[in-house]
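K.L.:
Provided below are the primary sequence and the corresponding predicted coordinates.
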Amino acid sequence: MIVIDLSFSLTNETEVYPGDPKIKIKKFTVKNENPVNLTEITLGSHSGTHVDAPNHFIEKGKTVDEIHISKFFGEAIILETEKYLIDNKISKKIIDENSSVINGAKGLIFKTGWSRKWGQKCFYQDFPQLDEETAEKIVKTGVNFVGIDSPSIGSPEVHRTLLSGEVVIFEALNLSNLTKRRIMFAAFPLPISGADGSPVRAVALVNNLEKLKIFC
Ligand SMILES: [Zn+2]
């Protein structure tokens, strides 16, 4: 089995979504006689590669700690978006034309090629995202999660459609090293009480896929 990292590193220099809290990582001094290294970390809940819980857009929606952990793991289909993009929006055709592959999958990951812009301000400008009708179609497939390599899955309406349909959203995935069409995906948030999202360490588990299937 090979584990492929689908997360971006977080540093003090990492660009964040306009208006979000800056990332601060600094050494914390412990005042006792046993010297240890400790780090004080300040992060927005949507820093870097992260998950959106329903509470991000829905008042009284579930927070990350309230979602069953099995929702963050499962067989996922990677969908290349290039031929489905109209004005940076991924059209619903991507679901229609791939329905036989999607059938039974736990998640859909949209690969737009945007990972290459990570670390630059332009990562957050004019990025590819889902069309509202595409979000509606996704909910009907019955998947548990969607993911994308751009900073946001789409408009507030796209978020609300997916999140109210019990589909959790992974954003800013690093898909630059992913060439497979079908993977086992796992990305777990910290169980932070009341948080509407959380940074995640997302991974793809490939090879021996048949063996892994018995766990989901
Ligand atoms: Zn987000």
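P.N.:
Happy to help now that I have it.

K.L.:
strands along the chain, start to end?
P.N.:
Ranges of strands within the chain are 2-5, 24-28, 38-42, 50-52, 73-80, 85-86, 89-90, 107-111, 129-130, 145-148, 168-171, 182-189, 197-206, based on DSSP state E.

K.L.:
any chance of the ones you listed in TSV, with mean pLDDT, distance to residue 59 and mean neighbour count too?
P.N.:
C-beta: built from backbone N, CA, C; applies to glycine. Output for the strands of the chain, formatted as TSV (pLDDT from 0 to 100; distance: least, CB to CB, whole Å; neighbours: other CB atoms under 10 Å):
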stretch	mean pLDDT	distance to residue 59	mean neighbour count
strand 2-5	94	35	13
strand 24-28	95	29	10
strand 38-42	96	26	10
strand 50-52	98	15	26
strand 73-80	97	27	20
strand 85-86	96	32	12
strand 89-90	98	27	22
strand 107-111	98	26	24
strand 129-130	98	22	27
strand 145-148	98	22	26
strand 168-171	98	17	25
strand 182-189	97	20	21
strand 197-206	96	15	20
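
K.L.:
how about those in a markdown table, adding distance to residue 65?
P.N.:
Formatted as a markdown table, these follow (distance: least, CB to CB, whole Å):
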| stretch | distance to residue 65 |
| --- | --- |
| strand 2-5 | 24 |
| strand 24-28 | 23 |
| strand 38-42 | 18 |
| strand 50-52 | 12 |
| strand 73-80 | 16 |
| strand 85-86 | 35 |
| strand 89-90 | 30 |
| strand 107-111 | 20 |
| strand 129-130 | 26 |
| strand 145-148 | 17 |
| strand 168-171 | 13 |
| strand 182-189 | 8 |
| strand 197-206 | 9 |
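
K.L.:
contacts only, for residue 154.
P.N.:
Contact analysis of residue 154 by CB atoms under 8 Å, 6 or more residues apart in numbering lists 89, 129-132, 135.

K.L.:
can you check the pLDDT for residue 177?
P.N.:
pLDDT, residue 177: 87.

K.L.:
pretty sure it contacts residue 3?
P.N.:
No - using CB atoms under 8 Å, residue 177 makes no contact with residue 3, being 11.2 Å away.

K.L.:
show me which residues of this protein are close to the ion?
P.N.:
Counting by CB under 5 Å from the ion, the chain comes close to the ion at 46, 52, 171.

K.L.:
could you redo the last one with a cut-off of 6 Å?
P.N.:
46, 50, 52, 171, 197 (CB under 6 Å from the ion).

K.L.:
can you map out the helices along this structure?
P.N.:
Taking DSSP state H as the test, the helices found in the chain are 93-96, 99-102, 132-141, 156-164, 209-213.

K.L.:
so the residue nearest to the spatial centre of the chain bridges to which residues?
P.N.:
Nearest to the mean C-alpha position of the chain, by CA atoms, centre = their mean, lies residue 170 at 1.5 Å. Counting by DSSP bridges, residue 170 forms beta bridges with residue 51, residue 147.
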